[in-house]
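# what follows is a protein structure lacking sequence information:
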């Protein structure tokens, strides 16, 4: 039963570094550019205690609304009661990384644009809408070469 309710209470596993990921923070972390409107994933890095997010925001995805030399401002939506509250969190760049949540959408936009351009060149119209998988076609199973079998459980036999 926990009796401590500090800012970092119950974060032993949450804030630990990954396997073979200990030591100083890599320089490439500081060379990443963030722009307003980017989607970022918040993941606290325990090697840098400054600008660390509260444990609630660890693992959340937000949108960058402000960029400073060492930190970014991120908008995260938090469920409070029956509503969403927009929370603005300022985090150092060590604790954020670009999210891949929009990558599939951007790939689809590019694919659709290429397909549309190719169809326009040929002078035809194509549908770019996503369609779900339809039910399988109906078929008849013949029992001429495939006689039905009755399946029964095998009676239990002890081998002792």
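Cool, got the structure. What you are looking at is a predicted structure, and each value in this text was computed from that prediction instead of being measured.
# residue contacts, the spatially most central residue of the chain?
For the chain, residue 101 is the residue whose C-alpha lies nearest the centre (C-alpha atoms, centre = their mean; 5.4 Å). With contact set as C-beta atoms under 8 Å, 6 or more residues apart in numbering, residue 101 has these partners: 39, 61. (Each C-beta comes from the backbone N, C-alpha and C, glycine too.)
# let me know the helix or strand that it is in.
Following DSSP states H and E, one finds residue 101 outside all helices and strands.
# secondary structure class of residue 28, three-state.
helix (DSSP: H, G, I helix; E, B strand; the rest coil).
# that one: how many residues sit nearby?
Neighbours of residue 28 under the rule other C-beta atoms under 10 Å: 7.
# count of neighbours near residue 47?
By the criterion of other C-beta under 10 Å, residue 47 has 13 neighbours.
# tell me how far it lies from residue 95.
According to C-beta to C-beta, to the nearest Å, residue 47 and residue 95 sit 10 Å apart.
# and for residue 59?
Distance from residue 59 to residue 95, counting by C-beta to C-beta: 11 Å.
# pick out whichever of the two has more residues nearby.
residue 95 (25 against 12).
# how close does the more buried one sit to residue 29?
Going from residue 95 to residue 29 by C-beta to C-beta gives 10 Å.
# just residue 144 next, same as before
Per C-beta to C-beta, residue 144 is found 68 Å from residue 29.
# who has more neighbours out of the two?
Using other C-beta under 10 Å as the criterion, residue 144 and residue 29 rank with residue 29 on top: 15 against 5.
# any weak-confidence spans in the protein?
Low-confidence segments of the chain (pLDDT under 70): 1-2.
# now do the helices in it.
Along the chain, counting by DSSP state H, helices occupy 103-122.
# where's residue 68 relative to residue 119, distance?
Distance, residue 68 to residue 119, by C-beta to C-beta: 46 Å.
# comparing these two, which residue is more hemmed in?
Between residue 68 and residue 119, counted using other C-beta under 10 Å, residue 119 has the larger neighbour count: 14 against 11.
# contacting residues for the residue nearest to the more buried one when sequence neighbours are not counted?
For residue 119, ignoring the flanking residues on the chain, the nearest one in space by C-beta to C-beta, 6 or more residues apart in numbering is residue 126 at 4.5 Å. Contacts for residue 126 (C-beta under 8 Å, 6+ apart) come out as 115, 116, 119.
# can you count the residues close to the first one?
Residue 115 sits with 13 neighbouring residues when counted by other C-beta under 10 Å.
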